[in-house]
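K.L.:
my questions are about this predicted structure, shown below with the sequence.
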Amino acid sequence: MARVLITGAAGAVGGYLRAGLPGLGWQIRGFDRVPGEGLATEDWHVGDIRDAEALDAACDGVDAIIHLAGIPVEAPFADILSTNIDGTYQVFEAARRCGVRRVVYASSNHAVGFTPRTELAGVDTRQRPDTYYGLSKVFGEGIGSLYADKYGLEVVAVRIGSCFPVPRTVRMLESWLSPADAVDLFRACLTTPGLRYEVVYGISANSRAWWDLAPARKLGYDPQDDAEAFAADVLMACGPLDESDPEYRYLGGAFTTHEP
């Protein structure tokens, strides 16, 4: 059975993957500042992603890394620099030192957040981060590309939309990634042979989607869920978006208005 290290494994997305990937042939090793549930004690490594020694111990004997750990919202630049930028560098360095073959990096739609709404945004859309958080995701995609070219790592950057059990806002009707589809997407990113560096969008098969899923489908991703099933309830609770609202105008939504 192949073994995957998940950084940030105690978080929400980490929990979905801990629950779903073992049934697809993956043995999970968790890495986080606190242990989560669902894994044996020996399968949890408690540590900080900025700690090279702790990462080396966690990477020993794994076949792949899913890097989820980091600050998931806007924050002062010093905090983003330390955790999301230096921490991501440390994870890629550990993969290189330990000979880990593949890294699947949790990027974000906020790497292109200031892109105006288009009918369908491709992965070749210019990086236009909407926050320091989005900027850190641009860095993560960049270092993934560098380590693929320079050191031969196999890297997939997944620009995750909104990964929750159900969509909670009108914007999430377009950006939602269901937990079940998240498992299938990361499964595809872990197992597709012959790749070097890929960027894909991480959403479900949403009828209102503004992101092109073709690159993810090329890797074998087969999303089954559509946020449209929740549209009536969400629209009743929230009302439609005005076209002047940043939630409508930009791929990054309200993040384009955030101050750290």
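P.N.:
Perfect, thanks for sending it.
K.L.:
C-alpha from now on. contacts and neighbour counts both.
P.N.:
Noted.
K.L.:
so what's S204 up against?
P.N.:
Shown in contact with S204 (CA atoms under 8 Å, 6 or more residues apart in numbering): 175-178, 181, 223-227.
K.L.:
against L21, how distant is it?
P.N.:
18 Å (CA to CA, to the nearest Å).
K.L.:
again with V46
P.N.:
Going from V46 to L21 by CA to CA gives 20 Å.
K.L.:
what about the residue most central in space within the chain, which helix or strand?
P.N.:
Residue closest to the average C-alpha location in the chain (CA atoms, centre = their mean): A106, at 2.5 Å. Using DSSP states H and E, A106 sits in strand 102-108.
K.L.:
mind checking what helix or strand follows that strand in sequence?
P.N.:
Scanning onward from strand 102-108 (DSSP H and E), the first element met is helix 132-151.
K.L.:
now stretch 68-80: average pLDDT?
P.N.:
In this model, stretch 68-80 has a mean pLDDT of 97.
K.L.:
and the nearest residue to R126 once chain neighbours are set aside, how many neighbours?
P.N.:
In this structure, R126 finds its nearest non-sequential neighbour in V112, 6.8 Å apart by CA to CA, 6 or more residues apart in numbering. By the criterion of other CA atoms under 10 Å, V112 has 24 neighbours.
K.L.:
got it, and the one 4 residues further on?
P.N.:
Here the neighbour count serves as a burial measure; for P116 (other CA under 10 Å) it reads 16.
K.L.:
cool, G142 as well?
P.N.:
By other CA under 10 Å, neighbour count at G142 equals 13.
K.L.:
cool, and the one 5 residues further on?
P.N.:
The local packing of Y147 (other CA under 10 Å) involves 20 other residues.
K.L.:
ok, it - contacts?
P.N.:
Y147 makes contact with 92, 153, according to CA under 8 Å, 6+ apart.
K.L.:
try 10 Å
P.N.:
92-93, 95-96, 103, 153-155, 196-197 (CA atoms under 10 Å, 6 or more residues apart in numbering).
K.L.:
quick revisit: each with direction, which strands does the strand holding A106 pair with?
P.N.:
Strand 102-108 pairs in its sheet with strand 64-67 (parallel), strand 154-160 (parallel), by DSSP bridges.
K.L.:
okay, and which of the contacts of Y147 map to strands?
P.N.:
Residues of the contacts of Y147 located in strands (DSSP state E): 103, 154-155, 197.
K.L.:
can you tell me which of those residues is closest to G122?
P.N.:
Distance to G122 across these (CA to CA) is lowest for Y197, with 15.8 Å.
K.L.:
from what I can see that closest one touches V158, true?
P.N.:
No - between Y197 and V158 there is no contact under CA atoms under 10 Å: 11.1 Å.
K.L.:
where do the contact lists of these two overlap?
P.N.:
Jointly contacting Y197 and V158 under the rule CA under 10 Å, 6+ apart are 104, 141.
K.L.:
and for R208, the neighbour number?
P.N.:
18.
K.L.:
in which helix or strand does it reside?
P.N.:
Assigned by DSSP H and E, R208 belongs to neither a helix nor a strand.
K.L.:
quick one: it and E228, what's the gap?
P.N.:
For R208, the distance to E228 - CA to CA - is 8 Å.
K.L.:
which neighbours do the two share?
P.N.:
Residues within reach of R208 and of E228 at once, by CA under 10 Å, 6+ apart, are 172-174, 176.
K.L.:
in strands only, show me those.
P.N.:
Short answer: the shared contacts of R208 and E228 in strands (DSSP E) are W176.
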